[in-house]
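Colleague: What would the 3D arrangement of this be:
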Amino acid sequence: MFLVAILSGCEAAEVESHAKLYHFAGKTMGTSYSVRIVAESTGESSLFDLATVQQKVDQRLGEINRMMSTYDPESELSRFNRHEGEGWFEVSQETAMVVGFALKVAVDSQGAFDPTVGPAVNLWGFGPSKDRKNSPTLADIDAARERIGYEKLEVRTAPPALRKSQSNLYVDLSAIAKGFGVDDISRLLKDLDFTNSMVEIGGEVRTRGSKPQKAPWRIGVEKPDSRGRKLHEIFELHDVALATSGDYRNFFERDGVRYSHTINPATARPVQHHLATVSVLADECLEADALATALLVMGDRLGYDWCVEREVAAMFLVREDDTLSQRVTPRFKKLTTSKVSTAESVQ
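Modeller: Next comes the predicted model:
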C-alpha cells in the first residue's frame, strides 16, 4: 500500500504514433483501484471502448472478492471459515493457488506471514467488524493465539480444496489478495492486447511494458507520516511489481499507545518496533504483497538479513527518534538505479 503513480502531462494526450495513455478507476476490496493503459487511437477517437474494458475489470474484481473476501459472508473463504468439518472443502483454482502461495511464504518466513492470523486481526478491530470498543484482555489474546497456525491448514490443487485440522481455524488473505488481484487484472489487460499497462489496488502496483515514447512508469512511495501525504521516493519501473506495508495509515491510539493493523502471528498483538514501512519489488505482486507484510512483522534488522540471504529486493524506512532512515538491500538497489528523489506532495 501507500504507492502512487506519478504522471506527466495529460493522461490521454497524443505523444507518439497515435499512442495515448488512458486511465480509469473504481472501488474494490474495501479500497480503490486504478488502471492506466497505453493504446493506439485515430485523431480524437480511441480504437477501443474504454467503458467496456473497465466493465471487464470490474467484473473480474467482483469475482475475486466472491472468492477471497472475509468481508463478504458468502465468499468461498467466509464459507470455509464457518465450515467446522475436517474434510476437504472445495474452492476455486484461484483461491487454492493463493492459499498455497501464502503457505509457502509462511514456511519461508517461519510464520512471520501467516494466513491464519485473522482471529487476532479481528480481535484488535482491523477485520470486518472493526470493533475497537474494548481493549482485548490477556485471555482474549491467548484465545486468538490458540487459533493461529498455518500448519493447521492444508491445500490441494486437483481438485482445488482446503482442509483445516482445527475446526475454528480462520483464514484471512487480506495481506495477499490485493497482490493477486493486481496480477490478475494485469494479465487480463494483456489478454485484451494492452501490452503496456499499470495496475494498482490499494497501493499495490504492477507495471507492464512502458508508457508512450517508451517512458518508464513512475511510482512514488509515500513518507510514513500520518499527518499528511508526501512522497519519499519515486521509482521508474518496467515489468515489475511493487508493494509497500506500513504502520501509519491503518492504526489507532489508546492510552498513548499506537496500535498498527499489522499483527505478529506469534504474539497475536500489533507489531511494536521502529520499522515504519517496507517496500518490496518482485516479478509478481502476489509475492511482493505477502513479503512486505512478513518483513514488517520481522522488523528492520531481522528482515534486512532475511532479504539479503534470499536476494529479495526491499527498502526499509525506520523511525529513529525524530528522523527517518532508509536501508535498501543490494537487490533493490540494483533494480532501482533510475530512482529520483522528491519532496513533492501526493496529489
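Colleague: Identify the residues contacting the longest helix along the chain?
Modeller: With secondary structure taken from DSSP state H, the chain has its longest helix at helix 50-68. For helix 50-68, contacts defined as C-beta atoms under 8 Å, 6 or more residues apart in numbering pick out 22, 24, 26, 28-29, 33, 35, 37, 71-72, 74-77, 91-92, 94-95, 98, 173, 177, 180-181, 184-185, 188-189, 192, 194. All C-beta atoms are positioned from the backbone trio N, CA, C, and that covers glycine.
Colleague: and if you look at stretch 79-90?
Modeller: By C-beta under 8 Å, 6+ apart, the list of residues contacting stretch 79-90 reads 70, 91, 118, 156, 159-165, 167-171.
Colleague: Could you pick out the buried ones from the contacts of helix 50-68?
Modeller: Listed as buried from the contacts of helix 50-68 are 22, 24, 28-29, 33, 35, 37, 72, 75-77, 91, 94-95, 98, 173, 177, 180-181, 184-185, 188-189, 192, 194; burial here means 16 or more other C-beta atoms under 10 Å.
Colleague: Just the ones in strands from those, please.
Modeller: 22, 24, 28, 33, 35, 37 (DSSP state E).
Colleague: And for the nearest residue to the third one once chain neighbours are set aside, the neighbour number?
Modeller: Distances taken as C-beta to C-beta, 6 or more residues apart in numbering put residue 61 closest to residue 28, at 4.3 Å, once the chain neighbours are dropped. Other residues within reach of residue 61, judged by other C-beta atoms under 10 Å, total 20.
Colleague: measure residue 61 to residue 27 for me?
Modeller: Distance from residue 61 to residue 27, counting by C-beta to C-beta, to the nearest Å: 9 Å.
Colleague: Common neighbours of the two, please.
Modeller: Common contacts of residue 61 and residue 27 (C-beta under 8 Å, 6+ apart): residue 33.
Colleague: can you pull out the helices in the protein?
Modeller: Using DSSP H, helices in the chain cover 50-68, 76-82, 93-108, 118-123, 138-146, 177-191, 285-298, 300-310, 330-335.
Colleague: Make a markdown table from those helices and add distance to residue 262 and mean pLDDT to it.
Modeller: Putting the helices of the chain into a markdown table (distance: least, C-beta to C-beta, whole Å; pLDDT from 0 to 100) gives the following:
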| stretch | distance to residue 262 | mean pLDDT |
| --- | --- | --- |
| helix 50-68 | 19 | 96 |
| helix 76-82 | 20 | 96 |
| helix 93-108 | 15 | 98 |
| helix 118-123 | 9 | 92 |
| helix 138-146 | 15 | 94 |
| helix 177-191 | 14 | 97 |
| helix 285-298 | 5 | 96 |
| helix 300-310 | 12 | 96 |
| helix 330-335 | 20 | 92 |
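Colleague: Can you tell me which of the ones you listed is most buried?
Modeller: Among the helices of the chain, ranked by average contacts under mean count of other C-beta atoms under 10 Å, first place goes to helix 285-298 (a mean of 28).
Colleague: I'd like to know which elements that one is packed against.
Modeller: Judged by 3 or more C-beta pairs under 8 Å, 6 or more residues apart in numbering; DSSP states H and E, helix 285-298 is in contact with helix 93-108, helix 177-191, strand 204-208, strand 241-246, strand 275-282, helix 300-310, strand 313-320.
Colleague: now do 6 Å
Modeller: Secondary-structure packing of helix 285-298 (3 or more C-beta pairs under 6 Å, 6 or more residues apart in numbering; DSSP states H and E): helix 177-191, strand 204-208, strand 241-246, strand 275-282.
Colleague: hmm, who's touching that helix?
Modeller: 105, 109, 112-113, 175-176, 178-180, 182-183, 204, 206, 241, 243-245, 262, 264, 271, 278, 280, 282, 303 (C-beta atoms under 6 Å, 6 or more residues apart in numbering).
Colleague: gap between the residue nearest the centre of the chain and residue 179?
Modeller: Nearest to the mean C-alpha position of the chain, by C-alpha atoms, centre = their mean, lies residue 289 at 4.0 Å. Using C-beta to C-beta, residue 289 is found at 3 Å from residue 179.
Colleague: Any regions of this structure where pLDDT drops low?
Modeller: For the chain, the stretches flagged by pLDDT under 70 are 1-17, 41-47, 129-133, 224-229, 247-260, 337-347.
Colleague: how about a cut-off of 50?
Modeller: 1-2, 6-16, 338, 340-347 (pLDDT under 50).
Colleague: Look up how far residue 180 lies from residue 243.
Modeller: Counting by C-beta to C-beta, the gap from residue 243 to residue 180 is 11 Å.
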